[in-house]
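>>> Structure of the sequence below:
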Amino acid sequence: MKRRGSMGLNNTVRNTGSLIQLKPPMSTPPSPTSTIPPHHHKIFKTITKKRSMKPSKSVNTKRSLLHDFQKELAICKSPWLWQKPFNTLVEASYNTGDITDCCWRSLGVGMMELKLDMTFPTGQTFRWKKTGPSEYTGVVGTYLFTLRQVVTDDDEEDVEYFVHNPSGFSQEAEAALRDYLNLSISLTDMWKGFAEADSRFAALAPYMGGARLLRQDPLECLFQFICSSNNNIQRITQMVQFLSGFGPCLGTVEGIEFHAFPSLEELSSFDEGQLRKAGFGYRAKYIVGAVESLKSKCGGGKEWLMSLRNLPLEEGIEALCTLPGIGPKVAACVALFSLDQHHAIPVDTHLATRYITPELSGERFTPKLSRNVSEAFVKRFGKYAGWAQTVLFIAELSSQQAILPQHLQSTKATKSKTKLEELIDREMEV
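Just a heads-up that it's a prediction; the model follows:
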């Protein structure tokens, strides 16, 4: 069986000193290996973490991987690993073929459909952390994932994921991840139409492949973008991390603690004063106000937000703007990144005046002008216009400008970067 390697990494066993530390669930179902000391489970999981396999029900495939694991154990030259409890774990896994939970699994998508570096650190979410070269860790619902970009020995591109939850792999976990990554939507088909409609997009497309929009939980997305108002990446991330800390802890990866995003009830556990003390400034009253407003919704705030996916864009934007701290641009971000409103346009004045509506250069962008720009984007790019604008925005970041040929780069004379863009650049260069 071919081995797969992470881009820029060799296939060495990770140091057991940096093991993933997970908080156990309230109740764990019994298993054949439940009597084995937890540290042996962690060692076994760490060793197998570097292996990957495509989903397979073949016991022979799983057992062949186990033989590889045993060889690596021997290479480790750590006699204590071969104590009886650890042998029991290996033997139990061998007998049942149940090692898939300990492995990286393939999503079966190439780099032109999903490039992690152009998806996670580009301003649409602030909850994913870079935990290795071409590797990001984050939370989807109650699942803690690490994703990595890989190239196989056959030079095929792929994205693999690892589930850190104690329950390991499940079809539900993969379904949640695929939904979050919007993998039912093909970038190849979409971008073909964009390139035909716009010469700038056509020229950028070969360098921007894999820049994908996420389908986030509306509650999580809403509070992230309340934090983003007139703010920079570093402070936004700190604020979102503070809010996330009120949710259940799912584990620690590379020294970073990850939490499920808190429910409205959990978000109610702090007041405006606590948020101001934590550095939220004027946003504190909006967060507290939004929590209270959502809790008052008939049927529940989370359900109310989910129901906005079924409304036309204009009605959804109008509904979001009734919440404290939500204006048209934040509402458009929430609609685009969580409510399936793929033609929502969070208007970027630079992009608009440079590429779409140059006649508006120097104009003050009133709500009416912003609507005109949105309509111009939709007229050019169609029902997925929000995806097109996001790609054009990412292309303006200096980290991406560096990979573009000179004739496609923006000049300093024609562009004044915002603080948000500058900090996204720094984030992507880490």
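>>> contacts for the host helix or strand of Phe162?
Using DSSP states H and E, Phe162 sits in strand 157-163. When contacts are defined by Cβ atoms under 8 Å, 6 or more residues apart in numbering, strand 157-163 is touched by residues 4, 49, 52, 101, 103-112, 114, 116, 143-152, 169-170, 173-174, 177. All C-beta spots, glycine's among them, are computed from the backbone N, C-alpha and C.
>>> mind checking how far it is from the chain centre?
13 Å (Cα atoms, centre = their mean, to the nearest Å).
>>> Give me the buried positions along the very next helix or strand once past that strand.
Sequence order places helix 171-180 as the next helix or strand after strand 157-163, per DSSP H and E. Across helix 171-180, burial judged by 16 or more other Cβ atoms under 10 Å covers Ala173, Glu174, Ala176, Leu177, Arg178, Tyr180.
>>> And stretch 258-272, by the same measure?
Across stretch 258-272, burial judged by 16+ other Cβ under 10 Å covers Phe258, His259, Ala260, Phe261, Pro262, Leu264, Glu266, Leu267, Phe270.
>>> how about TSV for the buried residues of helix 171-180, with pLDDT and distance to Ala197 added?
Output for the buried residues of helix 171-180, formatted as TSV (pLDDT from 0 to 100; distance: Cβ to Cβ, whole Å):
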residue	pLDDT	distance to Ala197
Ala173	96	37
Glu174	96	34
Ala176	98	33
Leu177	98	31
Arg178	98	28
Tyr180	98	28
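>>> any idea which of those is closest to Glu318?
The shortest approach to Glu318 among those belongs to Tyr180, at 26.5 Å (Cβ to Cβ).
>>> Surely that closest one is in contact with Val140?
Yes: judged on Cβ atoms under 8 Å, Tyr180 makes contact with Val140 at a distance of 4.6 Å.
>>> Got phi/psi on the closest residue to Ser338 other than its chain neighbours?
Distances taken as Cβ to Cβ, 6 or more residues apart in numbering place Cys221 nearest to Ser338, at 3.8 Å, with adjacent residues excluded. Torsion angles at Cys221 (phi, psi; degrees, to the nearest 10) stand at phi -70, psi -40.
>>> and Cys221, what is it in contact with?
Contacts of Cys221 by Cβ under 8 Å, 6+ apart are Thr125, Cys333, Val334, Phe337, Ser338.
>>> How about Gln124?
Leu213, Leu214, Gln216, Cys333, Phe337, Thr390.
>>> Neighbour-wise, give me the winner out of these.
Within the contacts of Gln124, most neighbours by other Cβ atoms under 10 Å means Phe337, with 27 neighbours.
>>> Could you report the separation of it from Trp387?
From Phe337 across to Trp387, the span is 11 Å (Cβ to Cβ, to the nearest Å).
>>> try Gln341
Per Cβ to Cβ, Gln341 is found 11 Å from Trp387.
>>> for the top strand by length along the chain, what is the average pLDDT?
Counting by DSSP state E, the longest strand found in the chain is strand 143-152. Mean pLDDT, strand 143-152: 93.
>>> That strand pairs with which strands?
Strand 143-152 sits in its sheet next to strand 4-6 (antiparallel), strand 135-140 (antiparallel), strand 157-163 (antiparallel), going by DSSP bridges.
>>> now those strands in JSON lines, with distance to Lys277?
Putting the strands paired with strand 143-152 into JSON lines (distance: least, Cβ to Cβ, whole Å) gives the following:
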{"stretch": "strand 4-6", "distance to Lys277": "41"}
{"stretch": "strand 135-140", "distance to Lys277": "25"}
{"stretch": "strand 157-163", "distance to Lys277": "36"}
